[in-house]
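# Provide a 3D model corresponding to the input given below.
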Amino acid sequence: MRYVTIEKASDLTGYTPDAIRSKIKRGDWLEGAVWQRAPDGRVLIDLQGYDQWVEGSLQHLACALRPRGRSRSTSTIAESAAESD
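This is a model prediction of the structure:
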């Protein structure tokens, strides 16, 4: 079986269900690569994608596609003020 519930994935991988949910929430495990939402809305873990993640072949993809927060840098504020003068 390729797709399993979070609970079954927990049994197979050794990660707790909460750890799996955290990896999904943080974006460590990408939707469509390591997990997928079933038509009924349930989250299923793709065991083939999990194997790729363990082997490191999804690492570069996760970094490239992970949503990034807004920068906290204030340097552009000073630059914008200088440009408007």
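
# From now on I want contacts and neighbour counts done on CA atoms only, so please keep to that.
Noted.

# which residues in the protein form strands?
3-5, 35-37, 43-46 (DSSP state E).

# Please identify the most buried of those strands.
Of all the strands of the chain, strand 43-46 carries the top mean neighbour count, a mean of 22, counting by mean count of other Cα atoms under 10 Å.

# what does that one contact?
2-6, 9, 33-38 (Cα atoms under 8 Å, 6 or more residues apart in numbering).

# What of stretch 6-13?
15-17, 20-21, 43-45, 47.

# Mind putting those into a markdown table with distance to residue 55 and pLDDT?
Formatted as a markdown table, the contacts of stretch 6-13 follow (distance: Cα to Cα, whole Å; pLDDT from 0 to 100):
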| residue | distance to residue 55 | pLDDT |
| --- | --- | --- |
| 15 | 16 | 98 |
| 16 | 20 | 98 |
| 17 | 21 | 98 |
| 20 | 17 | 98 |
| 21 | 20 | 98 |
| 43 | 22 | 98 |
| 44 | 20 | 98 |
| 45 | 16 | 98 |
| 47 | 12 | 98 |
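
# Going along the chain, name the helices of this structure.
6-13, 17-26, 47-55, 59-65, 75-84 (DSSP state H).

# Show me which positions of the second one end up buried.
Using 16 or more other Cα atoms under 10 Å as the test for burial, helix 17-26 gives 17, 20, 24.

# Report pLDDT for residue 54.
Note on residue 54: pLDDT of 95.

# again with residue 35
98.

# I'd like to check which residues are in contact with it.
Per Cα under 8 Å, 6+ apart, neighbours of residue 35: 24, 29, 43-46, 49.

# Name the nearest residue to it, ignoring sequence neighbours.
residue 45 (4.3 Å; Cα to Cα, 6 or more residues apart in numbering).

# Could you report the neighbour count for residue 29?
23 (other Cα atoms under 10 Å).

# Please renumber the chain so that the first residue is 31 from this point on.
OK, 31 is where the count begins now, so the last one is residue 59.

# where does this protein dip in pLDDT?
89-115 (pLDDT under 70).

# still on that earlier bit, got the contacts of stretch 36-43 as TSV, with distance to residue 88 columns?
TSV is the format used below for the contacts of stretch 36-43 (distance: Cα to Cα, whole Å):
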residue	distance to residue 88
45	18
46	21
47	21
50	16
51	18
73	19
74	18
75	15
77	13
